[in-house]
Every structure is written in C-alpha cells, then in structure tokens.
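[1] predicted coordinates and the sequence they were generated for:
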Amino acid sequence: MSTRARILEVAAGLVAASPDGDVSTRAVCEAAQVGAPALYRYFGDKEGLLSAVVDHGFDAYLATKRERDQSTDPVQDLRQGWDSHVDFALRNPNLYRLMNSPAMRTPPASALEAHRILTRDLERAAARGRLLVAPELAAQMIMSANVGVALMLVARPATFSDPTASQRVRDAVHAAVLTPDATDAGVADTAAPFAAVAVPSTAATLSALLRQSHGAGLSTAEAALMTEWLDRVSNTQSDPGPRG
C-alpha cells in the first residue's frame, strides 16, 4: 500500500470513529506513522485531506451510478438515486456530514460528480417529455431537498424518526419538477390544466433535445440564445387558473 493510500485509509477510519466526525492532522500522522510533511505533500492541508477522504468513501457509491445502464427509465432512476443517496448518508453519517460541512470551502469532487449524474438523468427525463422545468433548475431543487432530508436524518434521528419521511419529501419534490404520470392515482383531480403543464414541459423537452443534438444546425450563438429562451419558458411558474 502506498503512503498516500495508507494516510487516506487511516484518516477515513478516524473520521468514522470520531464522535463529531472531525480529526486532527496530528492524529492522522501518528496513526499512519508518517511525518506531517508527507501528509501535506500529498494533500496540501487538512481541508485537502478531508476532501480526499470524502471522495475515497463516496467512490463506491458513485461507481454504481457511473456503471448504470442508460437504457433504464430516467424517472425510476431519479427515485432510486434519491433513496440510495439517503441510504449512503445513514450508513456513513460522519462522512456525509463532513461532505456537506460549511468548513469544506471547496466542494469535494464526489459532490460535484453526484450533481452531474443527477443532471444527466434529468436531461434524459426532459428528452422524454417528463420534465416541467429545465434540468439545471430541477437538479438544484432535488439535490437541495435530498441533502436536507439526509442531513436531518443523520443529525437529528430522534426528531426525524418517521421512516416514510424521505419518500414523502422525494415524491413531493418530484411532483414539482416532473410531469404527472398518467398511471398515477388522482392525477385527474390534482394536476394543473393541460396547457399550464404542457408549455413549460415542452420547452424543457426542446431544450434537452437541442443540447443532445449539439445545436441542430444552429450556430453556437443561436443555440445558446435558443437554449436560454427555452429554459426561461420552462422555468416560468404557470398560473393554473382558478380552482373550483
């Protein structure tokens, strides 16, 4: 095992065992039997070390997403992605808190990759006409809610003890960004009028298809302007009108 790998493994173990998820570089150096210069040479500083620990621990979780079959239903992938995210947080509470700590001034690479994977699934959903808003906005809405739920379950388990809370929040957020499924019970009673849903959904679909086709014959400037217009339309909150 290389020196860098040994430092990472030791640091990850100390983070997992720590009452608050924090570790000192001195403790890591002593446990790994290396001098401070070696740690700083490989990781730069404590923040760099902790960021590497997060990426190291999150890598196995992301591997399942990287290798996933792209022919699967993107909407189902979104549901499973939410659930697997929460499951990872519950199994690795200290690592997850560290990943989302305000002390991490630079987001770990794993957090950025997770966001890119989510956006990719949303782009696939948009291309199939299933998205009500642009993928980038939908990704921000879903990720912020997913992380918020996971952090509350990890940090305040006594308060957030309902085992169905995560799925309820997931379904509520997905209902705000995904078109109603014709097979869902109660859609006819709860869905907005068709026109109110169709316009932003169609704009999101066209925007996704335009990105996939790399401009569809438009110049770079034209494609950028068209994408901006479509995203603006798709992100506009439509007024469903008065309800009886």
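    Alright, I've got the coordinates. Numbering: from 1, shown residues only.

[2] quick one: low-confidence parts of the protein?
    Applying pLDDT under 70 to the chain flags the ranges 68-71, 182-198, 215-216, 237-244.

[3] residues contacting residue 109?
    Contact partners of residue 109, counting by C-beta atoms under 8 Å, 6 or more residues apart in numbering, are 51, 55. For every residue, glycine as well, the C-beta is placed using N, CA and C.

[4] do residue 20 as well
    Taking C-beta under 8 Å, 6+ apart, one finds residue 94 in contact with residue 20.

[5] go again with 7 Å.
    By C-beta atoms under 7 Å, 6 or more residues apart in numbering, the contact list for residue 20 is empty.

[6] how about residue 176?
    Residue 176 touches residue 141, counting by C-beta under 7 Å, 6+ apart.

[7] got the phi and psi for it?
    phi -80, psi -20 (degrees, to the nearest 10).

[8] chain center to stretch 144-158: distance?
    14 Å (C-alpha atoms, centre = their mean, to the nearest Å).

[9] report the buried residues of it.
    Applying a neighbour-count criterion of 16 or more other C-beta atoms under 10 Å, one finds 145, 146, 147, 149, 150, 151, 152, 153, 154 buried in stretch 144-158.

[10] right, and residue 62 touches residue 112 too?
    No. Look at residue 62 against residue 112 with C-beta atoms under 7 Å: they stay out of range, at 10.7 Å.

[11] next, count neighbours for residue 141.
    Residue 141 has 16 neighbouring residues, counting by other C-beta atoms under 10 Å.

[12] show me what the strand or helix carrying it packs onto, helices and strands only.
    Element membership for residue 141, per DSSP states H and E: helix 135-155. If you count contacts as 3 or more C-beta pairs under 7 Å, 6 or more residues apart in numbering; DSSP states H and E, helix 135-155 packs onto helix 74-91, helix 93-99, helix 109-127, helix 165-177.

[13] try 8 Å
    Contacts defined by 3 or more C-beta pairs under 8 Å, 6 or more residues apart in numbering; DSSP states H and E place helix 135-155 against helix 74-91, helix 93-99, helix 109-127, helix 165-177, helix 194-212.

[14] these: which one's closest to residue 15?
    helix 93-99 (5.3 Å; C-beta to C-beta).

[15] so which elements touch that closest one?
    helix 3-17, helix 46-66, helix 135-155.

[16] could I have that helix exported to PDB, CA atoms only?
    C-alpha atoms of helix 93-99 as PDB (Å, rounded to 0.1, in the frame of the first residue of the first chain):
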ATOM      1  CA  PRO A  93     -23.100   9.600   9.000                       C
ATOM      2  CA  ASN A  94     -19.800  11.200   9.800                       C
ATOM      3  CA  LEU A  95     -18.600  11.000   6.200                       C
ATOM      4  CA  TYR A  96     -21.800  12.500   5.000                       C
ATOM      5  CA  ARG A  97     -21.800  15.400   7.500                       C
ATOM      6  CA  LEU A  98     -18.200  16.100   6.500                       C
ATOM      7  CA  MET A  99     -19.100  16.100   2.800                       C
END
